[in-house]
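[1] sequence and predicted structure, then a few things I'm wondering about:
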Amino acid sequence: MEIKQVKKGDKTIKFTIKGTNPAFVNGIRRAIQTSVKNLAVENVNVYENTSVMFNEMLAHRLGMLPIQVDAKTYKKKDKVTLMVEKDGPGTVYSKDIKSTDPKIEVVDKKIPIVKLGKNQRIKIEMDAVVDSGKTNSKWIPGIMSYNYDKDVFTVNIESFGGMEPKELLEEAVTEIKIKTEELKKALSKK
């Protein structure tokens, strides 16, 4: 197999692969979407919300925020507590969310959450939980696409910001390896 990097950006990587088949490349794509662990807001406790947005809508918006994750430290079902508390008037942005772990933070600081009017306030505590896209799409850490032409795959990986694109690829390959080992063990028992 021959791999050659074509382009690298902050959240994207593009490379070519020769000497493999569509099933292998598609397996990596599926592993990124369903097996790579990521952090996403799961449990939301609204202590105070006098904004015009319903609690359920706020929880949904918070659940879709991209969160920086350390895939080596955090394992499936680990939790990190995040908090946001703000008084209006003004807009609550993702930068206003604070974490109990200084290594964990919302990736994009400019995402508007809710606009608060005069005398309006929110106070919310939430758990960001480690899981994968197999459970819910909010845990998908990025996307991969590829083009196949004359035995050459041109692969594009775009991270949503929680991990570097190269790290997404490495984690996907690790997950494939784990599943392969589990299959070998299961087959050897029969």
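    In hand now; what should we look at?
[2] low pLDDT regions in this protein?
    190 (pLDDT under 70).
[3] could you chop it up by domain?
    1-22+147-152+162-190, 39-137 (automatic domain parsing).
[4] possible to save the ones you listed as TSV with distance to residue 30 and mean neighbour count?
    Every residue, glycine included, has its C-beta placed from N, CA and C. Formatted as TSV, the domains of the chain follow (distance: least, CB to CB, whole Å; neighbours: other CB atoms under 10 Å):
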stretch	distance to residue 30	mean neighbour count
domain 1-22+147-152+162-190	9	13
domain 39-137	9	17
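[5] distance to residue 32 for those domains - can I get that in TSV?
    Formatted as TSV, those follow (distance: least, CB to CB, whole Å):
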stretch	distance to residue 32
domain 1-22+147-152+162-190	5
domain 39-137	8
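[6] give the bridge partners for the residue nearest to residue 165 when sequence neighbours are not counted, please.
    In space, residue 165 comes closest to residue 13 once its chain neighbours are excluded; the distance is 3.9 Å by CB to CB, 6 or more residues apart in numbering. Applying DSSP bridges to residue 13 gives these bridge partners: residue 8, residue 157.
[7] what does residue 67 give?
    residue 106.
[8] just residue 123 next, same as before
    Per DSSP bridges, the residues bridged to residue 123 are residue 48, residue 85.
[9] OK, contacts around it?
    Shown here is residue 123, whose contacts under the criterion CB atoms under 8 Å, 6 or more residues apart in numbering are 46-49, 84-85.
[10] 6 Å instead?
    Residue 123 sits next to 47-48, 85 when contact means CB atoms under 6 Å, 6 or more residues apart in numbering.
[11] figure out which of the domains of the chain is closest to residue 33.
    Counting by CB to CB, residue 33 lies closest to domain 39-137 out of the domains of the chain; the figure is 4.8 Å.
[12] any idea which helix is longest in this structure?
    Under DSSP state H, the helix in the chain containing the largest number of residues is helix 165-188.
[13] and that one, what does it pack onto?
    Helices and strands touching helix 165-188, as assessed by 3 or more CB pairs under 6 Å, 6 or more residues apart in numbering; DSSP states H and E, comprise strand 12-18, helix 22-34, strand 152-159.
[14] let's have those in TSV, adding distance to residue 117.
    As requested, the helices and strands packed on helix 165-188 are arranged in TSV below (distance: least, CB to CB, whole Å):
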stretch	distance to residue 117
strand 12-18	39
helix 22-34	40
strand 152-159	36
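[15] so which of the contacts of residue 123 is the closest to residue 97?
    For those, the nearest to residue 97 is residue 85 (9.8 Å; CB to CB).
[16] end-to-end on stretch 56-74?
    One end of stretch 56-74 to the other measures 27 Å (CA to CA, to the nearest Å).
[17] what's it in contact with?
    Contacts for stretch 56-74 (CB under 6 Å, 6+ apart): 37-39, 41, 44, 94, 103-107, 113, 126, 128, 130, 138, 160-162, 171.
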